[in-house]
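Visitor: Fold the stuff below for me.
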Amino acid sequence: MSLRDIFMCMEGFLLLTKDVLMADLAVPTTVLVSVDNGNGVKTSTSGSNNSADHNGSTSDLSFQDDAIDDGDDYVDDDVYSDYYDNDEYLSDVDDELMKLQAQFDNADLPPGVEASVPWLQDPSPSEKPPAAGTSTFPVQEEKVSASSSSKAESSSIVKKEEEMDEVLRKLMYFKQFDTVAVCSDHHYLDMESSGRMPSKDWSKKIQDEWKILEQNLPETIFVRVYESRMDLLRAVIIGPSGTPYHDGLFVFDAVFPATYPNEPPMVHYHSSGFRLNPNLYECGKVCLSLLNTWSGGRDEMWLPKKSTMLQVLVSIQALILNAEPFFNEPGFDKTYRGSEGKKKAKEYSEDIFIKSLKKMMYTIRNPPQHFEVLVAGHFRVRALDIMTACKAYADGAEVGCDIKKWLEEGDNALKTGSSNFKTEVAKIMRPLVKYFINNGSKDCEKFQS
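Guide: Numbering: from 1, shown residues only. As a prediction, the model looks like this:
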């Protein structure tokens, strides 16, 4: 071959290479919208070396020219042209556009408000959010490697544990007494006032009450007062150990009348539909001598110069949420004596405990305003002890007994629980343990069986 022939071949090869490169650069880079676990919209540049890490997860990219005009990007013409030229794909797009057009035409929105787009909305609680890296538009399915799936699962577990730690951290710093701004669901929110501005003496007395509460509340009582409504107060009381109310959370709303302290505060019990005590009515009424809602001796009634809101809360916990609430019913202490009284009191406490467990589930689902952290953290921490007590009760332990001591006695432990009660406890343990696990409690799975 002559030297001229060699130069002619080289020139042809260079021209062919140039045409191929120009064709590659002329192909537009495609940007796919990808939803990352419902936390926001991400973009991935198809074919880009920077669009995904080695685990296949999509990284955040903007719609800037420098992000999509990457000289290293390469797009396979055949893959995209075959797909986007497909009649089925075009038909799907037309149908989707028609649905959106109908949505916008029927939307009655004020100026400046955007109509929502279905694929950009957060998934409903019952729906699973799209997995990270999943395109919103139809694309060919990609195989996910076992290692990538394992890492995603590991990341999910770590995130869940971090959330659990966050709840416990918030519980640690949850104040027993605090002042908050909003009181939108308080029972006495709509109570009509006299229309007069509160006197300085009244305001000073309420502030004194706040100071007493802040400095003297026991560890099992939590209180929130309101900046905008000094007359309102909300308290959550933890059920005392040794009673059928143990580990439960009981919510009370109170209002200081304009005549306070000459008249006692008014108190409402949030029953959630459960009558848990002769002194706590389903309608919310609280019968207590200190509130002048029940008869009592002179020293048991409200004393304007001595009585305080702290005394009211402590009295509810000690006198109402007690070990034998059966005898709170007037006259029962004299009518039912000896073995008959003990039997009646035990049966009543067993019934109260079952209702208390139901109220726990209700409270987890509907935590009182400003006590969401307390509810989540309290039942997360106490779940194992509550379930252990339930198991002991189902095995014959008496409600309110020292569970740890009862378990240590083993076969010698006294079994006094009625068969009806044991059956009821065993039945309610099933949904209760699911509530606790969903709430983030650990070590409760063994009770699922």
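
Visitor: can we go C-alpha only for contacts and neighbour counts from here?
Guide: Will do.

Visitor: And Phe222, which helix or strand is it part of?
Guide: Following DSSP states H and E, one finds Phe222 within strand 221-226.

Visitor: Who are the packing partners of that strand?
Guide: Based on contacts counted as 3 or more CA pairs under 8 Å, 6 or more residues apart in numbering; DSSP states H and E, the elements that strand 221-226 packs against are strand 177-180, strand 232-238.

Visitor: Tell me which of these sits most buried.
Guide: Comparing the helices and strands packed on strand 221-226 by mean neighbour count (mean count of other CA atoms under 10 Å), strand 232-238 ranks first with a mean of 22.

Visitor: So what are the sheet partners of it and their directions?
Guide: Counting by DSSP bridges, the strands paired with strand 232-238 are strand 221-226 (antiparallel), strand 249-255 (antiparallel).

Visitor: Distance to Lys446 for those strands - can I get that in TSV?
Guide: Rendered in TSV, the data for these read as follows (distance: least, CA to CA, whole Å):
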stretch	distance to Lys446
strand 221-226	31
strand 249-255	24
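
Visitor: closest to Trp202 out of those strands?
Guide: strand 249-255 (13.0 Å; CA to CA).

Visitor: Let me see the mean pLDDT of the closest one.
Guide: Here strand 249-255 scores 98 as its mean pLDDT.

Visitor: after it comes which helix or strand?
Guide: Strand 249-255 is succeeded, C-terminally, by strand 266-269 (DSSP H and E).

Visitor: which helices and strands does the helix or strand that that following strand is followed by pack with?
Guide: Note on strand 266-269: by DSSP H and E, the next helix or strand toward the C-terminus is helix 309-315. The helices and strands touching helix 309-315, judged by 3+ CA pairs under 8 Å, 6+ apart, are helix 200-216.

Visitor: The helix it packs on vs strand 221-226, what angle?
Guide: 150 degrees (axes from the mean of the first three to the mean of the last three CA atoms, to 10 degrees).

Visitor: Find the helix or strand that Leu168 is a member of.
Guide: helix 146-172.

Visitor: ok so, going back, of the helices and strands packed on strand 221-226, which is nearest Leu384?
Guide: strand 232-238 (16.4 Å).

Visitor: Show me what the closest one is in contact with.
Guide: Contacts of strand 232-238 from elsewhere in the structure, counted by CA atoms under 8 Å, 6 or more residues apart in numbering, are 186, 188-189, 220-226, 246-256, 313, 317.

Visitor: rerun at 6 Å
Guide: Identification of contacts with strand 232-238 by CA atoms under 6 Å, 6 or more residues apart in numbering yields 220-225, 248-255.

Visitor: Closest one to Arg365 out of those residues, please.
Guide: Using CA to CA, these come closest to Arg365 at Leu249, 12.8 Å.

Visitor: Now do the residue lying closest to the closest one once chain neighbours are set aside against Lys427, distance only.
Guide: Nearest residue to Leu249, sequence neighbours excluded (CA to CA, 6 or more residues apart in numbering): Ile238, at 4.8 Å. Ile238 sits 24 Å away from Lys427, taking CA to CA, to the nearest Å as the criterion.

Visitor: Any buried residues in stretch 182-193, and which?
Guide: Neighbour-count burial for stretch 182-193, counted by 16 or more other CA atoms under 10 Å, picks out Cys183, His186, His187, Tyr188.

Visitor: returning to what we had before: export the helices and strands packed on strand 221-226 to JSON lines and append columns for distance to Glu329.
Guide: Listed next are the helices and strands packed on strand 221-226 as JSON lines, based on distance: least, CA to CA, whole Å:
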{"stretch": "strand 177-180", "distance to Glu329": "32"}
{"stretch": "strand 232-238", "distance to Glu329": "21"}
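
Visitor: Quick one: closest of those strands to Gly417.
Guide: Proximity to Gly417, assessed across the helices and strands packed on strand 221-226 by CA to CA, is greatest for strand 232-238 (24.3 Å).

Visitor: May I have that closest one as PDB, with CA atoms only?
Guide: The C-alpha trace of strand 232-238 is given here as PDB (Å, rounded to 0.1, in the frame of the first residue of the first chain):
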ATOM      1  CA  LEU A 232     -57.000  28.000  82.700                       C
ATOM      2  CA  LEU A 233     -54.800  25.000  83.700                       C
ATOM      3  CA  ARG A 234     -54.300  21.400  82.500                       C
ATOM      4  CA  ALA A 235     -52.800  18.600  84.500                       C
ATOM      5  CA  VAL A 236     -51.800  15.000  83.700                       C
ATOM      6  CA  ILE A 237     -51.600  12.600  86.700                       C
ATOM      7  CA  ILE A 238     -49.800   9.300  86.500                       C
END
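
Visitor: tell me the mean pLDDT for that strand?
Guide: Averaged across strand 232-238, the pLDDT comes to 98.

Visitor: next one: stretch 182-196
Guide: Here the average pLDDT along stretch 182-196 is 80.

Visitor: if we can go back for a sec, Serialize the buried residues of stretch 182-193 to CSV and add fields for secondary structure.
Guide: What follows is the buried residues of stretch 182-193, written out as CSV (DSSP: H, G, I helix; E, B strand; the rest coil):
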residue, secondary structure
Cys183, coil
His186, coil
His187, coil
Tyr188, coil
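
Visitor: still on that earlier bit, what's the closest of the contacts of strand 232-238 to Leu414?
Guide: Checking the contacts of strand 232-238 against Leu414 by CA to CA gives Gly248 as the nearest, at 24.9 Å.

Visitor: Test my guess that that closest one contacts Ser241.
Guide: No: assessed by CA atoms under 6 Å, Gly248 is found out of contact with Ser241, at 9.7 Å.

Visitor: closest to Ile386 among the contacts of strand 232-238?
Guide: If you rank the contacts of strand 232-238 by distance to Ile386 using CA to CA, Gly248 comes first, at 9.4 Å.

Visitor: Quick one: residues contacting the closest residue to that closest one other than its chain neighbours.
Guide: Leaving aside its sequence neighbours, Gly248 sits nearest to Gly239 (CA to CA, 6+ apart; 5.0 Å). By CA under 6 Å, 6+ apart, the contact set of Gly239 is Tyr245, His246, Asp247, Gly248.

Visitor: mind redoing it with 7 Å?
Guide: Tyr245, His246, Asp247, Gly248, Leu249, Leu321 (CA atoms under 7 Å, 6 or more residues apart in numbering).
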